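Engineer: Give the three-dimensional model of this entry:
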Amino acid sequence: MPAYPVATTEFLDALTADVERVREVANRRFRPLGSDQLNRGPGPGRWSVGQCLEHLNLIGGLYLPVINRKIQAAQQRGTRPATTVKHGYFGQKLTAAMRVPAAEKPLKSPQQYAPSGSRLPGTVVEVFTRQLDELSNLLSQARRINMNAIRIPNPVLPLLLPPLPDVFELLVEHLKRHLLQAERVLDGLAGSE
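Structural biologist: Residues are numbered from 1 along each chain as shown. Have a look, this model is predicted:
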């Protein structure tokens, strides 16, 4: 997002549209996959489509419940939405790093957030789409509160408390990065058959 002030509605509209594009790709490309296609990786130490989605499920499982609790608390306090979105320094740095194409700068996931296994069930896609539903719902609820006043702890660096707009933006960029990774894996498998 640009450095100048962005209207809250414009910011949330853009993120919601990104989540919908991710959902469309997941439904079209990943939902029809069989177990073998879902679990076949491009090579040793490289993630399969299922592992990409499992990683996103793990991260969603950490962030989404916390965001939900914080939004509920803000609604109970009766906060009003801010006109513009305010970003924090560290949140924007993390998001900028996530935007750099993986081919240019691969990022290593901390071990505790890496996928747990190499044979994942098809439910990994279902969990992923349910989390997209939850994220869409949270983006919708955020329209009625002051997102700028909410801080969300970072699971890797718990003392880092970026504002909710930065966390939403980071989550969406993270989704897009790993969705692209999963699509490249799928395209590579189709080319090798």
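Engineer: Going by C-alpha atoms from here, please, whenever you check contacts or count neighbours.
Structural biologist: OK.
Engineer: ranges for the strands of this structure?
Structural biologist: Secondary structure of the chain, counting by DSSP state E: strands at 6-7, 84-85.
Engineer: what sits against R151?
Structural biologist: With contact taken as CA atoms under 8 Å, 6 or more residues apart in numbering, R151 is in contact with 161-164.
Engineer: Please read the previous query as pertaining to L135.
Structural biologist: Contacts of L135 by CA under 8 Å, 6+ apart are 19, 64.
Engineer: Try it again at 6 Å.
Structural biologist: Counting by CA atoms under 6 Å, 6 or more residues apart in numbering, L135 makes contact with nothing.
Engineer: quick revisit: got the strands of the chain as CSV, with distance to L94, mean pLDDT and mean neighbour count columns?
Structural biologist: Converted to CSV, these look like this (distance: least, CA to CA, whole Å; pLDDT from 0 to 100; neighbours: other CA atoms under 10 Å):
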stretch, distance to L94, mean pLDDT, mean neighbour count
strand 6-7, 19, 93, 15
strand 84-85, 17, 95, 20
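Engineer: Turn the ones you listed into TSV, columns for distance to G50.
Structural biologist: Listed next are the strands of the chain as TSV, based on distance: least, CA to CA, whole Å:
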stretch	distance to G50
strand 6-7	35
strand 84-85	34
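Engineer: which one of these lies closest to D18?
Structural biologist: strand 6-7 (16.6 Å; CA to CA).
Engineer: What count of nearby residues applies to R80?
Structural biologist: 13 (other CA atoms under 10 Å).
Engineer: Phi first, then psi, for it.
Structural biologist: phi -110, psi 150 (degrees, to the nearest 10).
Engineer: Just to check, it is in contact with M147?
Structural biologist: No - applying CA atoms under 6 Å as the test, R80 and M147 come out as separate, 9.0 Å apart.
Engineer: Quickly list what's touching both of the two.
Structural biologist: By CA under 6 Å, 6+ apart, no residue touches both R80 and M147.
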